[in-house]
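*Asks:* Just a sequence and a predicted model for now, questions to come.
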Amino acid sequence: MNITIYTITYNEEKMLPFFLDYYSTFASKIVIYDNESTDNTVEIAKKHPLVDDVYSVSTGDCLDDSMYIRIKNSCWKEDKSDYVILVDTDELIYHDNGIVEYLEKTKYPVYRPTGFNMVSNKFPKVGSLITEQIKTGIPDHYYNKPVIFNPNLIEETQFELGTHNGIFINNNQHILPIQSELKMLHYKNLSFDYRIKRHKMFSKRISEFNQRTGAGVHYTWDEQTQRNDFDNCLINSKEVI
């Protein structure tokens, strides 16, 4: 089974190695759209054998979710893989018995995984899969994103901001996502220090579009609100995988 992974990066040198290592366990290729990274993100991506392309996209050094949506609605159009997965670099799609095995058994056109916010007091170590190091989190329906589909059975997508929902069209008919056994593991809480540094970085890049629509507003939370949210996730976390 051929599976293509698509992601958009901005200064992901710490998370990207885990992302690449994880998806390399079952993907056929990985395509990256880099949004003006200033760290080693592009160099890390280009060295990886499964990274098919690294495209440079510019938003004038802003976090602009309208650009992210345009990319995710179009990047897969020429793809003939059995499935495509459109995720952020901190989002890993997981199944207890294996992604490929589950997809081959079910063969739905579009899947909606169940979302979880994963959490750890310590940043993981490079060299082993992040799913083997951080296994606990809390359910978060916000990350029930319909981001896995068969591009041969879909002609058009109309994603909402953040790809938290979307419309899938084939032969002028809407194809409904299946709420599946797949899990969306969202790895942003890799220690509070990692989280707060990332959020402060993104808060400085909020575009006019994002300010107007409220997209990414959580990046602008004050540090105490961030701490409360992190601690709530940590205290209430349970084994997810």
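*Replies:* The structure has been received and is ready for your questions.

*Asks:* Who are the packing partners of the helix of greatest length in the chain?
*Replies:* As assigned by DSSP state H, the longest helix anywhere in the chain is helix 223-236. Using 3 or more Cβ pairs under 8 Å, 6 or more residues apart in numbering; DSSP states H and E as the contact criterion, the secondary-structure elements in contact with helix 223-236 are strand 110-120, strand 136-139, strand 178-190, helix 192-203. All C-beta atoms are positioned from the backbone trio N, CA, C, and that covers glycine.

*Asks:* Kindly export the shortest one (C-alpha atoms) in CSV.
*Replies:* Output in CSV follows, covering the C-alpha atoms of strand 136-139 (Å, rounded to 0.1, in the frame of the first residue of the first chain):
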residue,chain,number,x,y,z
THR,A,136,-0.2,9.3,27.8
GLY,A,137,-2.6,12.1,27.0
ILE,A,138,-6.1,13.3,27.2
PRO,A,139,-9.0,13.0,24.7
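
*Asks:* so how far is whatever helix or strand comes next after that strand from its chain's centroid?
*Replies:* Under the assignment DSSP states H and E, the closest C-terminal helix or strand after strand 136-139 is strand 148-149. The chain centroid and the centroid of strand 148-149 are separated by 13 Å under Cα atoms, centre = their mean, to the nearest Å.

*Asks:* that older thread, would you mark the buried spots in the longest helix of the chain?
*Replies:* The neighbour-count check on helix 223-236 (16 or more other Cβ atoms under 10 Å) flags Q226, D229, F230, C233, L234 as buried.

*Asks:* Ramachandran coordinates for the nearest residue to the second one once chain neighbours are set aside?
*Replies:* For D229, the nearest residue in space outside its immediate sequence neighbours is W221; the separation is 7.4 Å by Cβ to Cβ, 6 or more residues apart in numbering. The main-chain torsion angles of W221 are listed as degrees, to the nearest 10 and equal phi -60, psi 150.
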